[in-house]
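> below are the sequence and a predicted model for it; my questions follow.
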Amino acid sequence: MNNLTFYSTYSNEKTCVEFLKPFYQKVVNDCSKCGHDKLKWYNSFCGWRCLKCSSKVSLKSISFMRDSNKSFTEWMEILHLVLNTKKAYSIKEILRLSRQTRYETVFHMIRKIQQELATINQLEVQEKHAILDVSELHENSATLPGELEVFINLSQRRTRDQLRFVLPREIETAELRKKQSLLCACNYQFPKLLVKQKCSFPKIETCSQIALNDKWMHKVKENLMRVLDGIHHELSLFHIQGKLDEYCFKYNHRHAQRPKLVVFFDSLKIEFRKNSVHSR
């Protein structure tokens, strides 16, 4: 989907809501307050109302867009700019191309999207495990760790392999705690963005080990450096995992015939979000 098609299709709030509603409709089967199974959709507040107790469930409250005052149109635009480009955009580039005016706003929106991409990658890729040595890349990127964990789903002809890069657990945990203590000390107003997403997936010990091909490893390292250093320029460890999740999602769905927006929402596995449905 190119920019012309996107902006002509999702140019207003109504079309964006009509696009999002079917993906989240399936989790609103009954009222979380009284258990009644009949809920009616209302365009006035973009949500469902229980016909028995009149409690409301808004569309935004059960999505990753919760706790945000941005419209669905603005969220769809940022999603499009993040997902529908082969070359990754920096936050400043997305700020320039979008209708947003504040760098911090775009950063927090992208951070939420990256958390969802991490969950999608965790659910989809969990077959093989290996260690990718990236110590030789320290000359170009001092913040990159010495190695990355790689989870791979192998395809029959090896042309549609899926992968997921993960920072070593001890490095990711230490960096997250460091960032939490630093930002919470200054009353950071978005603490939920500092929480590591939890998702049930097999432990490393349960995944079979695989030896990585030298030619493939060299190609992957070059691609990673184009993203981490050539576009974003010296990312901190706290932000590297988000960019790795973004890269892996695009790589895994590089052959998708459907638009990336449809693939993204269809891959969210919204059924495990039932506990997030709440009345207002």
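Cool, the structure landed. Numbering: from 1, shown residues only.
> who are the contact partners of the residue lying closest to K38 once chain neighbours are set aside?
Distances taken as Cβ to Cβ, 6 or more residues apart in numbering place L51 nearest to K38, at 4.7 Å, with adjacent residues excluded. All C-beta atoms are positioned from the backbone trio N, CA, C, and that covers glycine. The contact partners of L51, taken as Cβ atoms under 8 Å, 6 or more residues apart in numbering, are H36, K38, L39, K40.
> same thing but at 10 Å, please
Contact analysis of L51 by Cβ atoms under 10 Å, 6 or more residues apart in numbering lists C31, H36, D37, K38, L39, K40.
> and the pLDDT at C186?
You'll see C186 listed with a pLDDT of 56.
> and if you look at G242?
Looking at G242, its pLDDT reads 85.
> correct me if wrong, but it is in a helix.
Yes. Assessed with DSSP: H, G, I helix; E, B strand; the rest coil, G242 lies in a helix.
> how many residues are close by it?
Neighbour count for G242, taken as other Cβ atoms under 10 Å: 17.
> with adjacent residues omitted, what lies nearest to it?
The shortest distance from G242 to any non-neighbouring residue, by Cβ to Cβ, 6+ apart, is to Q114 (3.6 Å).
> secondary structure element holding the one you found?
Using DSSP states H and E, the element containing Q114 is helix 103-124.
> my guess is S98 contacts E74. True?
Yes. When contacts are counted by Cβ atoms under 10 Å, S98 is listed as touching E74 (7.7 Å).
> the two: which has the busier surroundings?
Taking neighbours as other Cβ under 10 Å, S98 and E74 compare with E74 leading, 20 against 17.
> ok, the more buried one - contacts?
Going by Cβ under 10 Å, 6+ apart, E74 touches E13, C16, M65, S68, S98, R99, Q100, T105, V106, M109.
> for R258, same thing?
M1, F264, D266.
> what about Q100, how many residues nearby?
Q100: 17 surrounding residues under other Cβ under 10 Å.
> how about it, secondary structure?
With three-state DSSP as the basis, Q100 sits in coil.
> okay, the residue lying closest to it once chain neighbours are set aside: pLDDT?
Nearest residue to Q100 in three dimensions, chain neighbours excluded: V106, at 5.1 Å (Cβ to Cβ, 6+ apart). Here the pLDDT value assigned to V106 is 92.
> next one: V106 from T9, what distance?
Remark: distance between V106 and T9 (Cβ to Cβ, to the nearest Å) = 22 Å.
> between these two, which one's more packed in?
Each of V106 and T9 has its neighbours counted (other Cβ under 10 Å); V106 has more, 22 against 15.
> doesn't I94 make contact with that one?
Yes. Here V106 lies in contact with I94, judged by Cβ under 10 Å, at a distance of 5.6 Å.
> thinking again about what came up before, TSV for the contacts of R258, including pLDDT?
As requested, those are arranged in TSV below (pLDDT from 0 to 100):
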residue	pLDDT
M1	80
F264	93
D266	89
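> ok, and the most crowded of those residues?
Within the contacts of R258, most neighbours by other Cβ under 10 Å means F264, with 21 neighbours.
> K86: neighbour count?
Neighbour count for K86, taken as other Cβ under 10 Å: 6.
> Three-state assignment for it, please.
The local conformation at K86, judged by three-state DSSP, is coil.
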